[in-house]
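Peer 1: heads up, no residue letters with this:
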C-alpha cells in the first residue's frame, strides 16, 4: 500500500467539489494513524511527511491532492501546521 500524491487542475478541483468538503487542521506534531476507509484530501496549507510500516516516506504540501488507501497504517510527521479539505470513501 502506498500514498498517492498529485496536482489537480482548477477544473478537477471544481468537478470534485473539493471546496465543499470539511476542513481539518493539525499543529506541528507526530502521530500514528490507520485508515479504516479510503481518504482523499486537498492540502490547503502546511507540509507533511507520512511514513508507512515498510519505511517508505511520502511528502506533500500546499496544493497537493493526496489519496490514502483503506487499511494503510502510517506515521504522520506534520512539519508545518496543516489545513486540508478531506473526504472518506
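Peer 2: Nice, thanks for sending it over. Since the model is a prediction, treat every value here as computed from it, not as a measurement.
Peer 1: This protein: strands as residue ranges?
Peer 2: Counting by DSSP state E, the segments of the chain that form strands are 4-7, 23-26, 29-34, 39-52, 57-61, 64-68, 73-88.
Peer 1: Any idea which of those gets closest to residue 14?
Peer 2: Among these, strand 39-52 comes nearest to residue 14, with 11.8 Å by CB to CB. (Each C-beta comes from the backbone N, C-alpha and C, glycine too.)
Peer 1: and the strands of the chain as CSV, adding mean pLDDT?
Peer 2: CSV is the format used below for these (pLDDT from 0 to 100):
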stretch, mean pLDDT
strand 4-7, 96
strand 23-26, 98
strand 29-34, 97
strand 39-52, 97
strand 57-61, 97
strand 64-68, 98
strand 73-88, 97
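Peer 1: Reformat those strands as JSON lines; add distance to residue 13.
Peer 2: Formatted as JSON lines, these follow (distance: least, CB to CB, whole Å):
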{"stretch": "strand 4-7", "distance to residue 13": "10"}
{"stretch": "strand 23-26", "distance to residue 13": "14"}
{"stretch": "strand 29-34", "distance to residue 13": "25"}
{"stretch": "strand 39-52", "distance to residue 13": "7"}
{"stretch": "strand 57-61", "distance to residue 13": "16"}
{"stretch": "strand 64-68", "distance to residue 13": "8"}
{"stretch": "strand 73-88", "distance to residue 13": "9"}
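Peer 1: Rebuild the ones you listed as CSV, extending it with mean neighbour count.
Peer 2: Shown next, in CSV, are the strands of the chain (neighbours: other CB atoms under 10 Å):
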stretch, mean neighbour count
strand 4-7, 11
strand 23-26, 13
strand 29-34, 11
strand 39-52, 18
strand 57-61, 16
strand 64-68, 19
strand 73-88, 16
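Peer 1: Any idea which of those gets closest to residue 17?
Peer 2: Comparison of these against residue 17 by CB to CB identifies strand 73-88 as nearest, at 8.9 Å.
Peer 1: Who are the packing partners of that closest one?
Peer 2: Strand 73-88 is packed against strand 23-26, strand 29-34, strand 39-52, with contacts defined by 3 or more CB pairs under 8 Å, 6 or more residues apart in numbering; DSSP states H and E.
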